[in-house]
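>>> What shape does this take:
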Amino acid sequence: MNNGRNMRFDDQMSDHEALMWNIEKDPWLNPSGAAIVILDKPIDVDQFRRRIRFGVSEIPRLREKVAPGLGRISPPTWVPDPEFDLDYHIREIRLAEPGTDRRLLDLAALLYEDPLDRTRPLWRFVAISGLADGRGALWTMMHHTVADGMGQLRMAEMFQELGPDEKLPPVVDLEAIIAAAAGDTGDAGSENPTAGLVDGASRALGHVVRRQLGVARRIVGEVSMWPADPRRARDSVSGVVHLARSTIGQMTGSANEVAGGSPLWDTRSRRRHLEALTIRLDEVKSAAKRHHATVNDIYVAGLVEGTVAYHARRGVEVEAFNTSFVLSTRTDDAVGGNSFTPVPVQVSGRRMPIGERIADVRTRIAAAKADVMETGGITSLSGVINLLPTSVVTQVVRDQAARIDFATSNLRGAAIPLYVSGAKVLHNIPMGPIAGTAANITMLSYNGVLDIGMFIDPVAIDDPPDFRECVEMAFATITGPN
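Sure thing, here's the model as predicted:
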């Protein structure tokens, strides 16, 4: 399937992408996203390889690796990988008998714990056979610096089809394309290695100069208008103070109304467990309409209600839970790239009627979104944060992530059936990065359903199946007759 989308890939990481790349030096903060696609039968691997081979020829980022910047003063860059090996990125596994869904989800979590090689292009596919009832699966993983959730969904169009017998792409000489790209950059072995260092230093210094000049230009332009409008000066200073307080509050949690957080989920580990849940999109839309809310409001309210129920089963009352959602800042339909900012929000842990729960969540999300839209949130500080020692940044990020009970994300997928190399897609179970939180819960719409991937740290949430059951019951209550 090829929608003729534009490509959105720069030669240099943005400050926000560089921050994600740097903090991954602490493996607890792995920012990669993954998914397990469940199919009605195993894929035709030869056909799949041909589609990916063509996709790699069309999307340069898939055959590029990361080259470090100059010290900490510039972000890393992307360069062709002259040793690119398609066989390394596409693998096959047969699920051990019996090929249950539980075994598939456990395999998906285990595959995730094997990190991407930071010296190669940052993606991997695993074709899986041996599922019960003759089904198949495809596990996918891509580093967050390549693209955010929406960017990755659009990249997936390179191997998705609208029917089981869609025409194959043309055969391409991928090796020649890779050799030509490496030769153009001198990455395959330059006669003058100093030239690459000088060029890198030049780009690094140029990045710093542009960033500082941009800041200086904005300050000078603003200050020059103060004599003619004294009130503007007062408002500007007040705005800066508000920005600083708000951003620091987001980083430290001091902006929260109370000292929230689950006492049951205060331990973290690198272990991973995946649970999956599917609900009907039309039922969620109906509930949203009844409560004058959005689909995302209903989604987060269901997760909060399930979290409250999980704690109630254990006789634990929590004043408030700390969660987060992803605010997309995309304004295009291009392939790849990152345009998002994480938004922390505290929600009430008290028991309350469903209507009151949804209203509470809707109000809190709207307030948090408005605050981040004004300040820019953590993303706006990425360039400054990147100048700090990595050990300091990773410790701060891990400390703040440990305060989050669960992170959420909501992605819009295809509204029609899709196929992968002859196999029909039944479900898409997303696996969002946990990165030090107790769980990342991501919802992806597809063909009339909402597939929810509950990617859990089982040391923090020590009974994942029960948590899943609590959330499922919460959604049943919200979408049921009121």
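>>> how's this structure carved up into domains?
As given by automatic domain parsing, the domain ranges for the chain are 15-193, 273-416+431-479.
>>> Can you give me the end-to-end span of the last one?
Put plainly, it is domain 273-416+431-479. The first and final residues of domain 273-416+431-479 sit 27 Å from each other (CA to CA, to the nearest Å).
>>> Now it: average pLDDT?
Domain 273-416+431-479 comes out with an average pLDDT of 91.
>>> How far away from the center of its chain is it?
Offset of domain 273-416+431-479 from its chain centre (CA atoms, centre = their mean, to the nearest Å): 12 Å.
>>> Setting aside sequence neighbours, what's the nearest residue to Met20?
Leaving out its chain neighbours, the residue that sits closest to Met20 by CB to CB, 6 or more residues apart in numbering is Pro31, at 4.4 Å. C-betas here are computed from N, CA, C, even on glycine.
>>> tell me the SS of that neighbour?
coil (DSSP: H, G, I helix; E, B strand; the rest coil).
>>> quick one: contacts for it?
The neighbours of Pro31, taking CB atoms under 8 Å, 6 or more residues apart in numbering as the test, are 20, 23-24, 143-145, 433, 435.
>>> if you set the cut-off to 7 Å instead, what comes out?
20, 24, 144, 433, 435 (CB atoms under 7 Å, 6 or more residues apart in numbering).
>>> Output the domains of the chain in TSV; the columns should cover distance to Lys424.
Formatted as TSV, those follow (distance: least, CB to CB, whole Å):
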stretch	distance to Lys424
domain 15-193	4
domain 273-416+431-479	10
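>>> Quick check: which of the ones you listed is nearest to Gly422?
Distance to Gly422, taken as CB to CB, is lowest for domain 15-193 among the domains of the chain, at 4.9 Å.
>>> Look up how far Val304 lies from His311.
Separation of His311 from Val304 (CB to CB, to the nearest Å): 11 Å.
>>> between those two, who's got more neighbours?
When His311 and Val304 are compared for neighbours, Val304 comes out ahead with 26 against 20, by other CB atoms under 10 Å.
>>> and the closest residue to that one other than its chain neighbours, what are its phi and psi?
Take Val304 and drop its neighbours on the chain: the residue closest to it by CB to CB, 6+ apart is Val347, 5.0 Å away. With angles defined as degrees, to the nearest 10, Val347 sits at phi -120, psi 150.
>>> Beta-bridge partners for Val347, please?
On the basis of DSSP bridges, Val347 is bridged to Phe321.
>>> From Val318, how far off is it?
Distance of Val347 to Val318, computed by CB to CB: 10 Å.
>>> hang on, the earlier thing: for the residue nearest to Val304, list the residues it contacts.
Listed by CB under 7 Å, 6+ apart, the contact partners of Val347 are 304, 320-321, 323, 360-361, 364.
>>> By neighbours, which of those wins?
Using other CB under 10 Å as the neighbour criterion, Thr323 leads the contacts of Val347 with 28 neighbours.
>>> And the helix or strand where it lies, what does it pack against?
Using DSSP states H and E, Thr323 maps to strand 320-328. In terms of contacts (3 or more CB pairs under 7 Å, 6 or more residues apart in numbering; DSSP states H and E), strand 320-328 is packed against helix 295-312, strand 340-348, helix 354-375, strand 406-412.
>>> need the ones you listed in TSV with distance to Ile456, can you?
Output for these, formatted as TSV (distance: least, CB to CB, whole Å):
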stretch	distance to Ile456
helix 295-312	12
strand 340-348	19
helix 354-375	21
strand 406-412	9
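>>> Just give the nearest non-adjacent residue to Val449, would you?
By the measure of CB to CB, 6+ apart, the closest residue to Val449 outside its immediate chain neighbours is Thr278, 5.3 Å from it.
>>> Just give the number of residues close to that neighbour.
Other residues near Thr278 come to 13 when the count uses other CB under 10 Å.
>>> how far does stretch 170-177 sit from the chain's center?
Stretch 170-177 sits 31 Å away from the centroid of its parent chain (CA atoms, centre = their mean).
>>> For it, measure first residue to last.
End-to-end distance of stretch 170-177: 14 Å, with CA to CA as the criterion.
>>> Go ahead and name everything in contact with that stretch.
The contact list for stretch 170-177 (CB under 7 Å, 6+ apart) reads 53-54, 56-57.
>>> Let me know the closest of the residues you listed to Gly337.
The closest of the contacts of stretch 170-177 to Gly337 turns out to be Val56 (CB to CB; 17.7 Å).
>>> roughly how far apart are the closest residue to the closest one other than its chain neighbours and Phe475?
Nearest residue to Val56, sequence neighbours excluded (CB to CB, 6+ apart): Leu62, at 4.6 Å. Remark: distance between Leu62 and Phe475 (CB to CB) = 36 Å.
>>> Could you do His291 as well?
Counting by CB to CB - His291 and Phe475 are separated by 13 Å.
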